[in-house]
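Asks: Quick one: sequence and predicted model below, then my questions.
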Amino acid sequence: FGINLVRLDIRQESDQHGAVMDAITTHLGLGQYQTWSESTKLQWLTNELTSKRPLLGLGDFAGSDMVREVLATFKVIAEVGPEPFGAYIISMTRSASDVLEVHLLQKEAGMTKHLRVAPLFETKEDLIAAPGTMLALYNNDWYKRHFETVGTQHQEVMLGYSDSAKDAGRLSSVWELYKAQEDLVRLSAERKIPLNLFHGRGGSVGRGGGPQYLAILSQPAGSINGKLRVTIQGEVIDSYFGTVNACELTFERYSTAILKATLTPPAQAGENFREVMQRLSESGCTKYKNMVYETPGFVDYFRAMTPEQELKLLNFGSRPSKRGQAGGIETLRAIPWMFAWTQCRLHLPVWMGVGTALKIEIDNGNLPILQEMYKHWPFFQSTMELVETVLSKVDVKLAKVNEKWLVSSELLPIGKSVFDEFETTVDCLTQVTGRSELTSNNPVIKRLYDLRRPMTDPLNVLQSKLLREMRRTPEPSQELQEAFAATVQGIAAGMGWTG
């Protein structure tokens, strides 16, 4: 007997499953699993999945705390049964073996009916490799038959918007996501396997959020075939579903967009459009990585300019801010990365690299084709308008207040490069859209931002002062922390999202 309402997805990182497999093969005297080649892993996993004997049985295997926790999770799923659960999502999926590992762990836990396994492709490299990863699975003898085991005939694939944007910048992220969807749709059609794409969008534009109607209509043809699965972040649940009217409007927007995208899918972009977009992606990614990952002192500038370090003092978020204790921006999760830049009103992850990429094309005489892309390609139009929306929220004057009070003089040249790129982005984007003023084509959005600014701006000034005081004190008082928390919540409300 049981009462199940909304099904619960299970989510774990691929590295954790690999570590469990490594512990098991080491215990069995088979060697270190994580040192094996991909082909060796696939062959061993396939043999174990087809074998009728258990992998560990009743042996004396113990393993580390992490290994025991992962195995215990599968045991609980097996004991409860599959009814309350949806998909088992593998974060940071990099190869076909990542998927088979989860199926083997389900088999080892005694599950006769497996949960469907959804690989989540998050980084730029993993998105590029995604079609090859799925092809390796579709070619695997056990995987060809596995749909009978999971009780569904469709393949679910989750696409990560947050980490790909943090990893490579917005232009490269959205373009690799677009191409990955095209390739996955084509591959599944060739293999006659229904595909359900699960869009892991965040609340902010920097993490794939923002107005969804245009975003849905800008997806490649065939990727929305009468259905859509998408994450709704906690920060925007209230605005999407908080009232009956809001809920009806949200479902109306999704339903209308899905029907329109299914019945009248967008035409394929011409090769000339795709070539320009590829160049924009590459030059934008180069500029983004050069600034964020290769500029000496950028991490120090980021931590001085934003409240990233102080946010750890607050009881915000459902996960640790970093994937590991060491490292800089590369180990920081996408949410605090975007959240910190939102707080200082720069929103850097959304537009960094966009201006440079557009300027290179404009300087090479390609402004007319960029304008044609904006007018006739929904994907490019959506990309530009979402960036434009965020640019209209940037407040350089307030950001420079932060810089004046919080950033040391030796780091100021980095700030100049950041503000120069912002000016370049605004200038080039307005040339592409043909509008002299940001968001002038959307007076409702513009009026909303203009209304919120007088209420949000004083909070930014206050937050700058509080951060200066907190950084002068080894142990900030409870009063300081509470005041800081109030400014964080107020600025987030004014911006319409956290991260």
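Replies: Arrived safely, thanks for sending.
Asks: Where does the prediction get shaky in the stretch 351-499 of the chain?
Replies: Counting by pLDDT under 70, the ranges of the stretch 351-499 of the chain that qualify are 497-499.
Asks: What segments of it are helices?
Replies: Under the criterion DSSP state H, counting those that start in this stretch, helices of the stretch 351-499 of the chain are mapped to 354-363, 367-376, 378-391, 396-406, 412-433, 443-472, 478-495.
Asks: Kindly report the same for the stretch 1-150 of the chain.
Replies: If DSSP H, counting those that start in this stretch is used as the criterion, the helices of the stretch 1-150 of the chain fall at 14-27, 38-50, 65-80, 96-108, 124-139, 141-145, 147-150.
Asks: closest one to G490 among those helices?
Replies: G490 sits nearest to helix 124-139 of all these, at 34.5 Å, using C-beta to C-beta. (Glycine included, C-beta is placed from N, CA and C.)
Asks: Check the offset of the closest one from the chain's centre.
Replies: Remark: helix 124-139 is offset 18 Å from the chain centroid, using C-alpha atoms, centre = their mean, to the nearest Å.
Asks: which residues sit against that helix?
Replies: 42, 92-96, 99-100, 119, 121, 143-144, 155, 157, 159, 164, 167-168, 172-173, 176-177, 179-180, 183-184, 187-188, 191, 193, 285 (C-beta atoms under 8 Å, 6 or more residues apart in numbering).
Asks: on that earlier part again, out of the helices of the stretch 1-150 of the chain, indicate the one that is most buried.
Replies: helix 96-108 (a mean of 23; mean count of other C-beta atoms under 10 Å).
Asks: what helices or strands is that helix leaning on?
Replies: helix 14-27, helix 38-50, helix 65-80, strand 85-91, strand 116-121, helix 124-139, helix 141-145 (3 or more C-beta pairs under 8 Å, 6 or more residues apart in numbering; DSSP states H and E).
Asks: starting at the chain centroid, how far to the helix or strand hosting E275?
Replies: For E275, the host element (DSSP states H and E) is helix 271-292. Offset of helix 271-292 from its chain centre (C-alpha atoms, centre = their mean): 19 Å.
Asks: Go through the next helix or strand after it and flag the buried ones.
Replies: As assigned by DSSP H and E, the chain's next helix or strand after helix 271-292 is helix 298-305. For helix 298-305, burial by neighbour count (16 or more other C-beta atoms under 10 Å) applies to 298-299, 301-305.
Asks: how close does L177 get to G29?
Replies: Look at L177 and G29: by C-beta to C-beta, to the nearest Å, they are 43 Å apart.
Asks: Between these two, which is the more surrounded one?
Replies: For the pair L177 and G29, the greater number of neighbours falls to L177 (25 against 6), based on other C-beta atoms under 10 Å.
Asks: quick one, the one helix or strand that one maps to and strand 116-121 angle?
Replies: Assigned by DSSP H and E, L177 belongs to helix 170-191. Using axes from the mean of the first three to the mean of the last three C-alpha atoms, to 10 degrees, the direction of helix 170-191 lies 140 degrees away from that of strand 116-121.
Asks: can you give me how far helix 170-191 is from the chain middle?
Replies: 15 Å.
Asks: List the buried residues in it.
Replies: Of the residues in helix 170-191, 170-185, 187-188 count as buried by neighbour count, 16+ other C-beta under 10 Å.
Asks: Kindly report the same for stretch 394-406.
Replies: So for stretch 394-406, counting by 16+ other C-beta under 10 Å, buried means 394-395, 398-399, 401-403, 406.
Asks: How about residues contacting that stretch?
Replies: Against stretch 394-406 from outside (C-beta under 8 Å, 6+ apart): 304-306, 344-347, 351, 412, 415, 419, 422, 453, 457, 460-461, 464-465, 467-468, 471.
Asks: Now with 7 Å, please.
Replies: Stretch 394-406 is contacted by residues 304-305, 344-347, 415, 419, 422, 457, 460-461, 464, 467-468 when judged by C-beta atoms under 7 Å, 6 or more residues apart in numbering.
Asks: tell me the secondary structure for L197?
Replies: strand (DSSP: H, G, I helix; E, B strand; the rest coil).
Asks: Pretty sure G160 sits against F121.
Replies: Yes. Using C-beta atoms under 7 Å, G160 is in contact with F121, at 6.3 Å.
Asks: Dump stretch 337-348 to CSV, keeping only the CA atoms.
Replies: Output of stretch 337-348 as CSV, limited to C-alpha atoms (Å, rounded to 0.1, in the frame of the first residue of the first chain):
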residue,chain,number,x,y,z
TRP,A,337,28.6,32.0,-10.0
MET,A,338,25.5,33.7,-11.6
PHE,A,339,24.0,34.7,-8.2
ALA,A,340,27.2,36.7,-7.2
TRP,A,341,27.3,38.6,-10.5
THR,A,342,23.6,39.4,-10.2
GLN,A,343,24.0,40.9,-6.8
CYS,A,344,26.6,43.5,-8.0
ARG,A,345,24.3,44.3,-11.0
LEU,A,346,26.9,43.3,-13.7
HIS,A,347,25.4,39.9,-14.8
LEU,A,348,28.8,39.2,-16.4
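Asks: I'd like the distance from it to the chain centre, please.
Replies: With C-alpha atoms, centre = their mean as the basis, stretch 337-348 stands 16 Å off its chain's centre.
Asks: how many neighbours does A334 have?
Replies: When counting by other C-beta under 10 Å, one arrives at 23 neighbours for A334.
Asks: where in this structure is pLDDT low?
Replies: For the chain, applying pLDDT under 70 flags the ranges 1-3, 57-59, 202-211, 235, 315-328, 497-499.
Asks: And the residue nearest the centre of it?
Replies: Residue closest to the average C-alpha location in the chain (C-alpha atoms, centre = their mean): S162, at 1.9 Å.
Asks: Give me the distance between it and E252.
Replies: Separation of S162 from E252 (C-beta to C-beta): 27 Å.
Asks: Can you name the element that comes right after the helix or strand in which L214 is found?
Replies: Using DSSP H and E, L214 sits in helix 212-217. From helix 212-217 onward toward the C-terminus, using DSSP H and E, the following helix or strand is strand 229-230.
Asks: Contacts made by that following strand with the rest, please.
Replies: 196, 198-199, 201.
Asks: Spatially nearest residue to N460 (excluding sequence neighbours)?
Replies: The shortest distance from N460 to any non-neighbouring residue, by C-beta to C-beta, 6 or more residues apart in numbering, is to L398 (4.6 Å).
Asks: what number of residues lie near the nearest residue to V354 once chain neighbours are set aside?
Replies: Among residues not flanking V354 along the chain, T425 sits closest, at 5.1 Å (C-beta to C-beta, 6+ apart). Neighbour count of T425, defined by other C-beta under 10 Å: 25.
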